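> After the sequence you'll find the predicted model.
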Protein chains: 2
Amino acid sequence: MNGENVLKLIKTPGAKILSYSAVCGKKEKEGPLGGGFDHYSEDDRFSAPTFEKAEENMQAEAYCRAVKKAGENAPEAIIAGDLMNQCTASSIAHKDTGLPYIGLYGACSTLAEALALGAVLVSHGAFEGCACQVSSHNCTAERQYRTPLEYGGQRPPTAQWTVTASACFVLGREGGAEISEVFFGRIVDMGINDPCNMGAAMAPAAADTLYGYFKATGTSPRDYDMIYTGDLGREGSGILCEIMESLNCSMSGRHEDCGRLIYSAKDDVHSGGSGAGCSGGVLAAHILPGVERGELKNVLFVATGALHSPSSLAQGGTIPGIAHLIRIIKGA
Amino acid sequence: MNGENVLKLIKTPGAKILSYSAVCGKKEKEGPLGGGFDHYSEDDRFSAPTFEKAEENMQAEAYCRAVKKAGENAPEAIIAGDLMNQCTASSIAHKDTGLPYIGLYGACSTLAEALALGAVLVSHGAFEGCACQVSSHNCTAERQYRTPLEYGGQRPPTAQWTVTASACFVLGREGGAEISEVFFGRIVDMGINDPCNMGAAMAPAAADTLYGYFKATGTSPRDYDMIYTGDLGREGSGILCEIMESLNCSMSGRHEDCGRLIYSAKDDVHSGGSGAGCSGGVLAAHILPGVERGELKNVLFVATGALHSPSSLAQGGTIPGIAHLIRIIKGA
């Protein structure tokens, strides 16, 4: 785990989260964090004829709401990505915004990647402000990554449920929460090749990033109010905590996973939620409101991604994981 | 065209191109720029059992060569992307490098996006140096985006030939060429929906970015030794030049397109080369050597991308284009 300490802490003073918005599907609205979403679609279709177009509309909806809340502090650029092939939910949702567009692919880690890059660009003055956005949709992801929805395939206990949600965050020089530090992770591949166990594939990457961050900053999990991972689910969270214990870096009582928070036990999602919209939705619907209320003053947000494709797995490949970290503190 | 002037010029002083390397397939090696590539694969397979794995190996080869040339100035991060679903050529090629990994998706504009982000990150000191890399492979792209290779489908005159190449550029504080300014483009969609005419889909985005850049800097095409677009091909280059003429911003004698340079007329590629490896290969095999020899002192490099997917087109969508720009000057 990160023995050579090559990962680099980047300070991003003054990069604030100015406004944000999250929209979701019906299942997420009915979940424990449903009240934190700004808008939802009763049939997950967002008035679109296909699920792919629904995901585009969902992004456009979250973007418009976040920018409206930002008021006069309009973003100068967009940093976005999603899980659909060629990231078309993002590019098509933003094709008429008229702003510089920086497209990312980091699978489910994309939000932390976008917020980290955005924080650097805003903190260093490249842009006065920017919008960072992600999405995922259960119906576009499941049929693209696993099996056609109509199969109704049996899901193993380690499987996660791709969250239908999009979240957009406008960064600027003003705002209640600050992204004070960012820490880009590296790819970690422990040989997992089961697309129904993404938590196991991503947990070692989360551990690598977190352990590297604690080493780089000379801090420990106890120095933070809470450490949120993106979408490890129950399976991956257990593995992460075991790895951290083995490194004498226990996260006991300090760790939560967005994939465990977004649904309740009765939602029949097995290991929990996943997808870029999972960490995005929970950051907007749960974590940042907690920061605003003063309940959370110093948290780590670590979105995790699985960098495989159906083709790479079909050709005998494994699932490389990655995790990017941002530190969020309550601003002055 | 960019009437509101919302695109933003970002200065990146001190961001130098420290080293670079490009590798390619047989057809590119036999083309007019073949002598500029460091390595090629006689059968385009790079010792791999599948074309997808060949593209991974091709990226790994270019990365190792570029980093070796950088000597003691090893990169601190990797910024990369490609055209394969979920950008697996990049993620799998870099899974053992042990460096922070920032994945991008900008279709064929990815190299300019990566170099622009890399220049900002290095210029502002977030990283001392970083590697920016792209690839494309004719056999992975054609079967993913258009028809299975075995069909041997007829190609219309506007079609382009996806270049088999990968190029890697190590940025740092030292080097012969400097990326002095970057200019991120916005998405422009003029309603083109023919995947065999990408030049027409991307040309308006190139014009939007170039016109915005000239306005933002108060310069004109005559102020540059050459303006290189990424992969508009003959068809798209003609459209770009017509649009620029109509804006009283003639690029006559100052414009070349990487897609026109990489193959010769006898190569039977119709409108020219395309793919992220096209602009990458030409930058490494032709443009930067020209800068080093002192023949080019001040050039614009504008990689163009088509942000569609086979699914988005099948569902009645159009092909949104984007173009990012970097200015390269001969360093002191």
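All right, it came through fine.
> Pass me the low-pLDDT residue ranges in chain A, would you?
A:1-5, A:332 (pLDDT under 70).
> Tell me which residue lies nearest the centroid of it.
residue A:279 (3.4 Å; Cα atoms, centre = their mean).
> Not counting sequence-adjacent ones, nearest residue to that one?
residue A:230 (3.5 Å; Cβ to Cβ, 6 or more residues apart in numbering or on different chains). (C-beta placed from N, C-alpha, C; glycine too.)
> For the one you found, give me phi and psi.
Per-residue torsions, residue A:230: phi -80, psi -60 (degrees, to the nearest 10).
> can you check residue A:104 too?
phi -120, psi 150.
> Check residue A:273 too.
Residue torsions, per degrees, to the nearest 10, at residue A:273 are phi -80, psi 160.
> residues near it, how many?
33 (other Cβ atoms under 10 Å in any protein chain shown).
> likewise residue A:194?
14.
> Check residue A:80 too.
29.
> Kindly report the same for residue A:191.
10.
> That one and residue A:240, how far apart?
Going from residue A:191 to residue A:240 by Cβ to Cβ, to the nearest Å gives 17 Å.
> Go ahead and confirm the residue nearest to the centre of chain A touches residue A:232.
No - Residue A:279 lies out of contact with residue A:232 (Cβ atoms under 8 Å); the separation is 10.2 Å.
> okay, and the common contacts of these two?
Common neighbours of residue A:279 and residue A:232 (criterion: Cβ atoms under 8 Å, 6 or more residues apart in numbering or on different chains): residue A:304.
> can you give me the strands for the stretch 1-150 of chain A?
Using DSSP state E, counting those that start in this stretch, the strands of the stretch 1-150 of chain A run over A:9-11, A:16-24, A:39-40, A:78-82, A:101-103, A:130-136.
> Tell me the strands beside the shortest one, with direction?
Pointing back at strand A:39-40 there. When sheet partners are counted by DSSP bridges, strand A:39-40 sits next to strand A:16-24 (parallel).
> how far does stretch A:252-270 sit from the chain's center?
Chain-centre distance of stretch A:252-270: 14 Å, with Cα atoms, centre = their mean, to the nearest Å.
> Quick check: end-to-end length of it?
With Cα to Cα, to the nearest Å as the measure, the ends of stretch A:252-270 fall 23 Å from one another.
> partner residues bridging residue A:131?
residue A:78, residue A:170.
> for the residue nearest to the centre of chain A, helix, strand, or coil?
helix (DSSP: H, G, I helix; E, B strand; the rest coil).
> Identify the residues contacting it.
Taking Cβ under 8 Å, 6+ apart, we find residue A:279 in contact with A:108, A:111, A:112, A:134, A:228, A:230, A:231, A:258, A:301, A:303, A:304.
> Show me which pair in those is furthest apart.
A:134 and A:228 (15.1 Å; Cβ to Cβ).
> Have a look at these two and say which one is more surrounded.
Remark: of residue A:134 and residue A:228, residue A:134 carries more neighbours, 38 against 22, as counted by other Cβ under 10 Å.
> Kindly list the main-chain dihedrals of the residue lying closest to the more buried one once chain neighbours are set aside?
Excluding its sequence neighbours, the residue lying closest to residue A:134 (Cβ to Cβ, 6+ apart) is residue A:276, at 3.9 Å. Backbone torsions of residue A:276, given as degrees, to the nearest 10, read phi -60, psi -30.
> Next up, the contacts around residue A:276.
Contacts of residue A:276 (Cβ under 8 Å, 6+ apart): A:81, A:82, A:83, A:107, A:108, A:110, A:111, A:134, A:135, A:136, A:303.
> Apply 7 Å and report the result again.
The contact partners of residue A:276, taken as Cβ atoms under 7 Å, 6 or more residues apart in numbering or on different chains, are A:82, A:83, A:108, A:110, A:111, A:134, A:135, A:136.
> what's the burial count for the residue lying closest to residue A:255 once chain neighbours are set aside?
Once flanking residues are discounted, residue A:255 sits nearest to residue A:227: 5.1 Å by Cβ to Cβ, 6+ apart. Residue A:227 is flanked by 23 other residues according to other Cβ under 10 Å.
> For the stretch 51-200 of chain A, which segments are assigned as helices?
Applying DSSP state H, counting those that start in this stretch to the stretch 51-200 of chain A gives helices spanning A:51-70, A:88-93, A:110-123, A:138-145, A:198-217.
> which stretch among these comes nearest chain B?
Checking those against chain B by Cβ to the nearest Cβ gives helix A:88-93 as the closest, at 3.7 Å.
> quick check, that closest one touching chain B?
Yes - contact of helix A:88-93 with chain B (Cβ under 7 Å from any Cβ of the partner chain) involves A:88, A:91, A:92.
> Flag every residue of the stretch 1-150 of chain A that's near chain B.
Contact residues, the stretch 1-150 of chain A versus chain B (Cβ under 7 Å from any Cβ): A:4, A:6-8, A:10, A:50, A:52-53, A:76-77, A:81, A:84-88, A:91-92, A:94-95, A:98-107, A:113, A:120-121, A:124, A:126-127.
> try 6 Å this time
A:6-8, A:10, A:50, A:52, A:76, A:85-88, A:91, A:95, A:98-101, A:103-106, A:120, A:124, A:126 (Cβ under 6 Å from any Cβ of the partner chain).
> do the stretch 201-332 of chain A as well
Neighbours of chain B within the stretch 201-332 of chain A, by Cβ under 6 Å from any Cβ: A:307, A:309, A:311, A:312, A:315, A:320.
> residues near the fourth one, how many?
Right, residue A:312. Using other Cβ under 10 Å, residue A:312 has 25 neighbouring residues.
> right, and it touches residue B:89 too?
No - assessed by Cβ atoms under 6 Å, residue A:312 is found out of contact with residue B:89, at 9.3 Å.
> Can you list the residue ranges for helices in the stretch 201-332 of chain A?
Ranges of helices in the stretch 201-332 of chain A, per DSSP H, counting those that start in this stretch, are A:233-246, A:258-261, A:276-282, A:288-292, A:310-314.
> Please compute how far stretch A:27-34 lies from its chain's middle.
Relative to its parent chain, stretch A:27-34 has a centroid offset of 17 Å by Cα atoms, centre = their mean.
> quick one, what contacts residue A:11?
For residue A:11, the contact set (Cβ atoms under 6 Å, 6 or more residues apart in numbering or on different chains) comprises residue A:181.
> again, only using 8 Å
With Cβ under 8 Å, 6+ apart, residue A:11 has these contacts: A:123, A:180, A:181.
> sorry, back to before: overlap in contacts of residue A:312 and residue B:89?
Common neighbours of residue A:312 and residue B:89 (Cβ under 8 Å, 6+ apart) are residue B:52.
> Go through the helices of the stretch 201-332 of chain A and pick out the most buried.
The highest mean neighbour count among the helices of the stretch 201-332 of chain A, using mean count of other Cβ atoms under 10 Å in any protein chain shown, belongs to helix A:276-282: a mean of 35.
> got the CA coordinates for that one in PDB?
Extracted C-alpha coordinates of helix A:276-282, given in PDB (Å, rounded to 0.1, in the frame of the first residue of the first chain):
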ATOM      1  CA  ALA A 276     -21.200   8.000 -10.400                       C
ATOM      2  CA  GLY A 277     -24.600   9.300  -9.300                       C
ATOM      3  CA  CYS A 278     -24.400   7.400  -6.000                       C
ATOM      4  CA  SER A 279     -21.500   9.400  -4.500                       C
ATOM      5  CA  GLY A 280     -22.800  12.500  -6.200                       C
ATOM      6  CA  GLY A 281     -26.300  12.100  -4.900                       C
ATOM      7  CA  VAL A 282     -25.200  11.400  -1.300                       C
END
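> Which of the strands of the stretch 1-150 of chain A sits closest to residue A:66?
strand A:16-24 (4.0 Å).
> Next, the angle from the closest one to helix A:51-70.
Between strand A:16-24 and helix A:51-70, the angle comes out at 140 degrees (axes from the mean of the first three to the mean of the last three Cα atoms, to 10 degrees).
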